[in-house]
Every structure is written in structure tokens, then in C-alpha cells.
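Undergrad: Sequence first, then the predicted structure:
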Amino acid sequence: MPSSSSTTSARSPRRPRRRRPQGGKPQQQPKKRSLFDEVGVTAVDPAPFADLGLPARLVRALADNGMSEAFPIQAATIPDALTGRDVLGRGQTGSGKTLAFGLPLLAMQQGNARPMHPRGLVLVPTRELATQVTDSLKPLAKALGLYVREVVGGTSFNRQVDTLRRGVDVLVATPGRLADHVRQGTCVLSEVERTALDEADQMADMGFLPQVRELLDLVPADGQRLLFSATLDGDVDKLVDRYMTEPVVHSLAPPAASVDSMEHHQFLVSATDKQAVLARIGAREGRTIMFVRTKHHADRMAKKLRAAGVPAGALHGGKAQNARTRILEEFRSGETSTLVATNVAARGIHVDDVSLVVHVEPPADPKDYLHRAGRTARAGATGTVVTLVTDDQREAFRTMAAQAGVKAKTTTVRPEDAELARVTGAREPSGVSLAAPKQRDTPRSRGANPRNAKRPERTANEPSRRRRPTERGHDDGRRSDNGNRRGQAPSGRSARRGNRGGARQA
């Protein structure tokens, strides 16, 4: 752990909570600087958890789980959060944000939550991040006699209802599924005392802020807010204006700092060599994440890699939650060495020791480049980011890289080139085809037989059974985590469908 880190700490001027306008055209406001830009930079050293004001039982639980010293973002934010102040924090993936908001939520909970009335709430953009946050807080909550549970799409709605009815002290949720529970009356937010928003900028990018605002409007206005984000621009800044009061601002070094801990490469490849190059990269030692644009491309790429002998799995929003969880666990354990993922899935991938990120095609948005690259070089480590670029993509990559603040070394490579092996560790794959995962991969398939499988013959007296149609999965970039269009709140029809509608959440 580094001895110090650049951190910003400041109290912003008082800004009262804003109510939703009743009508009329909003007045044009002059463009203002982000709160993160209004404060200076100071050095904040890591500190022992015992010095931050946390309960002794919680400090012991942290020690039992191998944690005794707080990361800089934790050391900076936890004392202010424990006083009940609203806290606004900026930190990159791997900086320790989960415990920065999670420990104060646990420390100030009284327990004995009423059925369906959580006292603490954490909103996150993806199922995978919800699971990560829940898994991080559960053992610590147990030491305090508290219950931390998650509600996300793609899992049984009715089982979540049973969990909520037993009482939950801290609820971790994706916005779409929580909105479904609220509309069906199976979760009531009127007693939430503290709310944390993690990866707020990613929720904005994914179109979830209308649902987030809908939920925050149901939480008591005098409750505490803890908001963590890598950036504070556009819609996130408006969220701060509307729902936070006198937030204390803490910021790690700006996003460009994390880019410097990575080695960036632009590999010029021909279309005919591209798949062979990817197979050799996938055969390297260590964890590799390859990013593609669509879920169908992810499935095809993983299939081709397995055919070449590379243990690969595809992760995208079209897969059932149990399949996504399994694939991530196999990647964490090393059973699968290469993960092929889409942008939406990238938001929830938090796996340590990923040493190489590969953009199979250059991303169009510099934010996507930085989010994807952030899967490596976590918690102070270094990493390599490679982008495969064909001749017709060179100018687009140059423009995007400049916007992202990235200086990539350009090299023309062939599958057998030594430079490819030097940078990525690429080597010849085994060529022995690997079996595809047996579990079902799409949340909408009904039954075990694929669509074209041979049906068993019916006897003369057996009644005919109509097969339910299988719906096609939605593209990752066009649907929110409850199956609605990005930026739309859940429809009344969706809310009435119960667990059937909820099963379509991402």
C-alpha cells in the first residue's frame, strides 16, 4: 500500500435541497465548475481503521478479514460520514470506495429493521457491482448483528420479496429492480436514513438517473447522502445539486492519473490476421479481458477462442444472472483465463490481477476507453492496454485517444511477431477445442431444450402443450436494468408483471 495519495478535501458552500419543478421552462443557468474542480489538492496518508472513529467490533471484524489500514479515500471520507454529513467522493476503480461508504452505513445502523423497510440503501449500476458490494459488507455486518442483502434483476423476484419481508438493515440494489419492488409495495423507502450512490457517473452513462431520482424522491429528504463518482459532470452534478446538502468533498487524483499507470499500445493488424492475433493473446498466462461492442460478438469471439484451445467465457447483459455469476467466478478462480465482455458488463467487472485489457475494436467514446482500461492497474498496480486497429480505423483511434489523454505506442503486428509476444505474452494456443459451458446463457429461454431440438413424441391421449415463445435478448446499449429503454422509468405494465418483468433486468 502506498504511503500517501493525492486527495482533495473541502466543504462546499451550503446548497439547500431542491424540489422538483412544478412546471414551466427551466431557466438557463450559467455553466459552473464542478465541485471537484473548486478545491485544491492536499496529501492524505492512509490511516489505521482504529483511528477513524469506527466501533471497536467493526474494527475487529476488519482485522479478522485481514484489513487494518484504510486506503486514502477511506481515511478521508469515513470520519466525515460518521458525523452524519453528506459526502461527495471521487475515486477510481480499485481505490477502496466500497468500504468508504459501506463502513459508515454499517457503523451507524441500529439494527432491528422492520420488514420491507430498509434503513440503509446502496444504489449501484450493475448486478456484478451489487454482488461485489454485498459480499464485501456481509462479513462485517455479521459482526454487528446486521443484515446486508441485494436485489437485482435476473434473479427470482419472489425470493427477494421473502428476503425483504424478513427485514434488511442495508439494501444493495440496482435502480430498475428496486423501482419494481417499490411500485409493487414490497419495499418501502420511507425509513431509509442513509443512502449511498456508487459509480454515479456510470449510472448516468447507462441512462439510470431518471430511476435514481424517482427512488431518491421517496427517501426522507433529511437523510444522509454519500455519493461516489469518478467524474462529476452533467447529470451527476445536477444530482448533487438536488439531493445533497453541504457535502464534504474528497477527491483522489483526477482520472488522467490512472492512465499513467498503464502501458498503452495501438496494434495495427489486418482483418485476416486479427482472429489469430486474438487467439495467441488469449493463450497467454494471466487474466485477460477482451472488450467488444455487442453481446453477439462476445458470444462468437468466446466460441472461436475455445475452439482454438483458449479457456474463454463471454459476459454480457443478455445472459441470465446465474450464468453471469458463474462466468465471473470462473474468471476469478483462474478456470477461465480470458473474459470477452461488452461495455455494459465492463461496468461491473471488479477482478484483481487483470494484467491485460484488449480492445478488439477501438471504442468510439473516450469514456468507454477509460472505463474498460480501468479493469487493469487496480489498487496501485500496473497494467497493459492494447487496442487492435485496422487501417480504416486509424484516424478514429487517434482522435479518441487524444480526447482520452492517452499516448499509445503504435506497432504493426502479425500473429507470430516477437513484439506481440513481448508486450502481451502471446503464445501459440493448444489448438485443442474446449467444451462450451453447459449452463443456459440467456435469461429468456424456457426449458432445457433448444429451439431446434427434436421434441419427444406424444401419445394419442396426451394433451397438446403449447411452447412459450422465447424472446430475443435486448442489445446491451439500449436497455436499462429493468428491461426499459435507457433513461425511462419502469412502466406500470412492467411493475405489474412481478417477477416475470423483473427477470428481464440486467
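TA: Okay, I see it.

Undergrad: Name the residues of stretch 420-429 that come out as buried.
TA: L420, A421, V423, T424, G425, A426, P429 (16 or more other CB atoms under 10 Å). The C-beta positions use only the backbone N, C-alpha and C, and glycine is treated the same way.

Undergrad: quick check: longest helix of this protein.
TA: Counting by DSSP state H, the longest helix found in the chain is helix 127-143.

Undergrad: can you list the weak-confidence ranges in this structure?
TA: Within the chain, the stretches with pLDDT under 70 are 1-44, 92-94, 233-234, 252-261, 344-349, 377-381, 436-506.

Undergrad: So which of the buried residues of stretch 420-429 sit within helices?
TA: Secondary structure from DSSP H places L420, A421, V423, T424 of these in helices.

Undergrad: Export these to JSON lines and append columns for distance to R284.
TA: Below are these laid out as JSON lines (distance: CB to CB, whole Å):
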{"residue": "L420", "distance to R284": "10"}
{"residue": "A421", "distance to R284": "9"}
{"residue": "V423", "distance to R284": "10"}
{"residue": "T424", "distance to R284": "6"}
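
Undergrad: how does this structure divide into domains?
TA: 5-18+32-254, 258-424 (automatic domain parsing).

Undergrad: one step back: considering the ones in helices among the buried residues of stretch 420-429, which is situated nearest to P210?
TA: Closest to P210 out of those is T424 (41.0 Å), distances taken as CB to CB.

Undergrad: host element of the closest residue to that closest one other than its chain neighbours?
TA: Nearest non-adjacent residue to T424, counting by CB to CB, 6 or more residues apart in numbering: I281, 5.0 Å away. Using DSSP states H and E, the element containing I281 is helix 274-282.

Undergrad: again, but for T195
TA: strand 194-197.

Undergrad: So which elements touch that strand?
TA: Using 3 or more CB pairs under 8 Å, 6 or more residues apart in numbering; DSSP states H and E, the elements in contact with strand 194-197 are helix 97-107, strand 120-123, strand 224-229.

Undergrad: what's the burial count for the spatially closest residue to L209 that is not a sequence neighbour?
TA: Spatial nearest neighbour of L209, chain neighbours left out: D235 (5.1 Å); criterion: CB to CB, 6+ apart. Neighbour count for D235, taken as other CB atoms under 10 Å: 19.

Undergrad: what's the answer for the one 3 residues further on, then?
TA: By other CB under 10 Å, 15 other residues sit near K238.

Undergrad: separation between it and M244?
TA: 11 Å (CB to CB, to the nearest Å).

Undergrad: do the same with R183
TA: For R183 relative to M244 (CB to CB), the value is 25 Å.

Undergrad: the more surrounded of the two?
TA: Taking other CB under 10 Å, R183 and M244 do not tie; M244 has more neighbours (22 against 17).

Undergrad: wait, doesn't that one sit right on L226?
TA: No - in this structure, M244 is not within contact of L226 by CB atoms under 8 Å, at 9.3 Å.

Undergrad: List the contacts of R293.
TA: T342, N343, E361 (CB atoms under 8 Å, 6 or more residues apart in numbering).

Undergrad: Try it again at 7 Å.
TA: T342, E361 (CB atoms under 7 Å, 6 or more residues apart in numbering).
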